[in-house]
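Enquirer: one predicted model, sequence on top.
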Amino acid sequence: AGVKIIIAMLNLNIGCARMVCQRLNLSNQHLTNLNKTSQPPSVKAGVLKIATLILKYKDGDLTRALLTSKGFLDGIMRGMVGRTPVDCANFVNILGDAIFPAAAAASKSTKSHKRDKSAAGVGSGAGAGSVDVSPVVVCNFFNNHQLDTINKIASVSDDHKATMLKLRGRLVLYCSQLISNNLPFFPGIPYFSRPLDVTDKVLRGMVTRIMLKLKANEDANEQREVLTIAKKFPFTIHRYLSSMHYSFEPRLSLRFIANLTLVTKIIRSVAVNTEVIQRCPPNVIVNGFIPQALTRQLLSQAVQHPSMLVKHHALLLITAILSRLSSVIAVAEKAKQSAIAEVIHVLLPSKETIISVINSANSANAKNQINRKKKRRRRKGEEGESKDANDNPDDDDAAAEDQKDEEIKWATVG
């Protein structure tokens, strides 16, 4: 009955909805307990209706109150796992329509905030307070726990995955609209004259968290997301590669091949940033496109692995690194070129190892070609012998066939 009364009051107008949110503590434990799985479906549907009505107003005050509530909206998002794809898509679309325009509007200056409020007439209609939602509030809502919830929802079905893919895409899009300083920046290394403001730091952390939560080595769609973010936000690559928890222990497995392929694609897809090369030291430049977990010992073991598939992908990665090195050296200063080459030389296998692997691969390829030619000749010879045998049958076979015809003849006469 209490849920129905709240829904009826929220349906009246935005003024009544604001009064309800002011008087009703959305973080109240009794209200958040209504999202638990033990509650009847009608009660959980009523709680979902409350959140939907609040978001439909697209009012900054109401949206901020909902986002900052502890446990209320989190419980609704967790409940999306058990809901139908249609219900999940409808709520996520309403959530996105309310959050992202409000966050984008909050990136304006304080003067424009006041001007927009006076023009809209705060408290007079829907969307009046949309400029009051700070991007920091939105980023705090989409924390690591919420991103894990999104991944869990995406694992339910293909329809749920498509809905969460759209939500992440809108989140990345609004981050790209709000980030004013898109210069590459490495934490703890102040090589850039213009410092980052609080909003830029929060948004950068938001984008990097999205990348780290994606399973780019397992899902092709999530891998495309990672590559798209890396191209759009070059500052994410350093932390993403340094925080990469994938294993690079050489072995013949799909996971290892996928890990090498992902790193190779990242190296090839991201453009060389001239400002980073000019301002950063050689070790920072190299760590910007090579994972720290990928050591020289592991690469040497990979190129000397018995499996030709492992060797092939390891050599592709080394080729991408050398190609990136040539692009970096082309725009680097002369004094820094040799230093960058030395850092790369320490990380890659020795020149003798690479030459030995290539020579052994060439000899193995030549031996395989000789064996294939022998097999083709042997096959042609066998086909010729069988053809001659069919054209000239043996005398025994001919006598047996004559005797069989004779027996059939006498049987017919009898």
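Expert: Thanks, I have the structure now. Numbers count the residues shown, from 1 in each chain.

Enquirer: all helices for the stretch 151-300 of the chain, in order.
Expert: Using DSSP state H, counting those that start in this stretch, the helices found in the stretch 151-300 of the chain span residues 158-178, 198-213, 220-232, 236-242, 254-269, 274-279, 282-287, 296-303.

Enquirer: could you tell me the least trusted of the ones you listed?
Expert: Among those, helix 274-279 carries the lowest mean pLDDT, a mean of 75.

Enquirer: quick one, phi/psi of Ile290?
Expert: In terms of degrees, to the nearest 10, the main-chain angles of Ile290 are phi -130, psi 120.

Enquirer: which ones are touching it?
Expert: Leu241, Val263, Ile267, Ile321, Leu347 (CB atoms under 8 Å, 6 or more residues apart in numbering). For glycine as for every other residue, the C-beta is placed from the backbone atoms N, C-alpha and C.

Enquirer: which pLDDT value belongs to Asn93?
Expert: pLDDT, read off for Asn93, is 90.

Enquirer: that one: which element?
Expert: helix 85-105 (DSSP states H and E).

Enquirer: remind me what that helix packs against, helices and strands.
Expert: Packing contacts for helix 85-105, counted by 3 or more CB pairs under 8 Å, 6 or more residues apart in numbering; DSSP states H and E, involve helix 41-56, helix 60-68, helix 135-141, helix 158-178.

Enquirer: Throw the contacts of Ile290 into a markdown table and include neighbour count and distance to Asn90, thanks.
Expert: Formatted as a markdown table, the contacts of Ile290 follow (neighbours: other CB atoms under 10 Å; distance: CB to CB, whole Å):
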| residue | neighbour count | distance to Asn90 |
| --- | --- | --- |
| Leu241 | 20 | 38 |
| Val263 | 24 | 39 |
| Ile267 | 18 | 41 |
| Ile321 | 21 | 47 |
| Leu347 | 15 | 50 |
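
Enquirer: from these, which single one is nearest Asp158?
Expert: Val263 (27.7 Å; CB to CB).

Enquirer: that closest one and Ala293 touch, don't they?
Expert: No - counting by CB atoms under 8 Å, Ala293 is not a contact partner of Val263; they are 9.8 Å apart.

Enquirer: how much space separates the closest residue to Cys16 other than its chain neighbours from Thr63?
Expert: Of all residues not flanking Cys16 in the chain, Met9 sits nearest, at 5.3 Å (CB to CB, 6 or more residues apart in numbering). Counting by CB to CB, to the nearest Å, the gap from Met9 to Thr63 is 18 Å.

Enquirer: also Lys44?
Expert: On the measure of CB to CB, Lys44 and Thr63 end up 22 Å apart.

Enquirer: packing partners of whichever helix or strand Ile76 is part of?
Expert: Using DSSP H and E, Ile76 sits within helix 72-79. Judged by 3+ CB pairs under 8 Å, 6+ apart, the packing partners of helix 72-79 are helix 29-32, helix 41-56, helix 60-68, helix 144-154.

Enquirer: now do that helix: everything it contacts.
Expert: Contacts of helix 72-79 (CB under 8 Å, 6+ apart): 26-27, 31-32, 35-37, 44, 47-48, 51, 66-67, 91, 141, 145-146, 149-150, 153.
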